[in-house]
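Undergrad: sequence and predicted model, in that order:
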Amino acid sequence: MIPGTWYTLRLERIHYENDRTRIFHFCIEGPEFPHWKPGQFFVCDLPLGEKRAQRWRSYSIANPCTEGRQVEFCISFKEGGAASQFYFSDVREGDTIRCKGPEGNFTLPDHSGMPLTMVCTGTGIAPFRAMLSDIANRGHQYASVDLIFGVRNESEILYRKEIALWCSTIPRFRAIICLSRQHELPAPEHPGLVYHHGHVHQCYDSLLQQMEADRSQAQFLLCGWSAMIDQAVAALVTQHKVAGKNIRYELYG
Ligand SMILES: Cc1cc2nc3c(=O)[nH]c(=O)nc-3n(C[C@H](O)[C@H](O)[C@H](O)COP(=O)(O)OP(=O)(O)OC[C@H]3O[C@@H](n4cnc5c(N)ncnc54)[C@H](O)[C@@H]3O)c2cc1C
């Protein structure tokens, strides 16, 4: 697969996940198939203007490449954003868009035996959904896999049923869902699932404090917007002494 190859994606279905988030199910057209690794993204060329900077937007691929010709994007609405306008008002089922990729190095680390922690907010869950679906199918060699997922309230939890399912199907997997604006917490659907009132930062703090393995070897994957990622990287490196080389992140903006 040559990076930079262009593909045509036909929109098959839009799933209305909540007020601000939709899941877009596309089918790859043509004979070529882009073999992506879970966690990679596509660059979409959207009808938003003349210049590349106006037109191009990146989206994490939310499914592993073992699902036939399906490609899934999980996209949140940004007030006044040109791509948001396109995805939430203009595009229709049956329309096609051009995409380039797969791109990026935000993939599962090759460190068997180490604890792996995934931290995300909102649609930052997209690459982790691809990784965890892949892990659910093929297994893993990590000491543990923890997902820390931050949203404002229960209605914004994406892939909720799947997260509960992964708690029973993925060995040594736990999920902590952080609800920053909801005080009354729902009953967990599975013993491996915990609801927490607050932000993601308190959760990796306490995970690291409980960690039996050498913390400097703990593997972290972070995905979302700069406010969360900047704070998490600073805290992990300076406060918790996690080695910088063991922290990978995908910055959405
Ligand atoms: C590698 C990569 C993967 C990405 N994957 C996804 C994805 O899977 N799902 C997804 O929804 N977006 C994803 N994004 C963001 C996406 O590319 C667009 O920036 C987003 O859709 C907003 O585009 P826009 O034209 O509507 O707004 P713009 O006018 O381009 O947005 C302006 C800026 O606002 C910020 N911003 C945009 N959306 C938000 C938000 N929800 N919260 C806080 N700040 C925001 C960003 O800094 C952005 O550059 C990804 C970005 C990158 C770089």
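TA: All right, it came through fine.

Undergrad: the strands in the stretch 101-250 of the chain, which residues?
TA: 115-121, 144-151, 173-179, 193-197, 219-224, 247-251 (DSSP state E, counting those that start in this stretch).

Undergrad: for those, which one sits closest to the ligand?
TA: Smallest distance to the ligand across the strands of the stretch 101-250 of the chain (C-beta to the nearest ligand atom): 5.5 Å, for strand 247-251. C-betas here are computed from N, CA, C, even on glycine.

Undergrad: the helix ranked longest in the chain relative to strand 173-179, how many degrees between them?
TA: Secondary structure of the chain per DSSP state H: the longest helix is helix 126-138. Interaxial angle, helix 126-138 versus strand 173-179 (axes from the mean of the first three to the mean of the last three C-alpha atoms, to 10 degrees): 160 degrees.

Undergrad: contacts for the strand ranked longest in the chain next, please.
TA: Secondary structure of the chain read by DSSP state E shows that its longest strand is strand 6-18. With contacts defined as C-beta atoms under 8 Å, 6 or more residues apart in numbering, strand 6-18 is touched by 22-30, 32, 34, 42, 45, 71, 74, 91-101, 155-156, 158.

Undergrad: 6 Å - rerun?
TA: 22-29, 34, 71, 93, 95-100, 155-156, 158 (C-beta atoms under 6 Å, 6 or more residues apart in numbering).

Undergrad: can you select the buried ones among those for me in ChimeraX?
TA: With 16 or more other C-beta atoms under 10 Å as the burial test, the buried ones among the contacts of strand 6-18 are selected in ChimeraX as follows:
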select :22,23,24,25,26,28,34,71,97,99,100,156,158
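
Undergrad: could you list which of the contacts of strand 6-18 belong to helices?
TA: Using DSSP H to define helices, no part of those is located there.

Undergrad: check the contacts of strand 6-18 one by one and keep those near the ligand.
TA: The subset of the contacts of strand 6-18 within reach of the ligand, by C-beta under 6 Å from any ligand atom, is empty.

Undergrad: can you give me the distance of Val71 to Ser206?
TA: 36 Å (C-beta to C-beta, to the nearest Å).

Undergrad: now do the one residue in the stretch 51-200 of the chain that gets nearest to the ligand against Lys100, distance only.
TA: Residue of the stretch 51-200 of the chain nearest the ligand, by C-beta to the nearest ligand atom: Gly81 (2.0 Å). Note on Gly81: its distance to Lys100, by C-beta to C-beta, is 20 Å.

Undergrad: and if you look at Ala227?
TA: Taken as C-beta to C-beta, the span from Ala227 to Lys100 is 28 Å.

Undergrad: I'm done for today, thanks for sticking with me.
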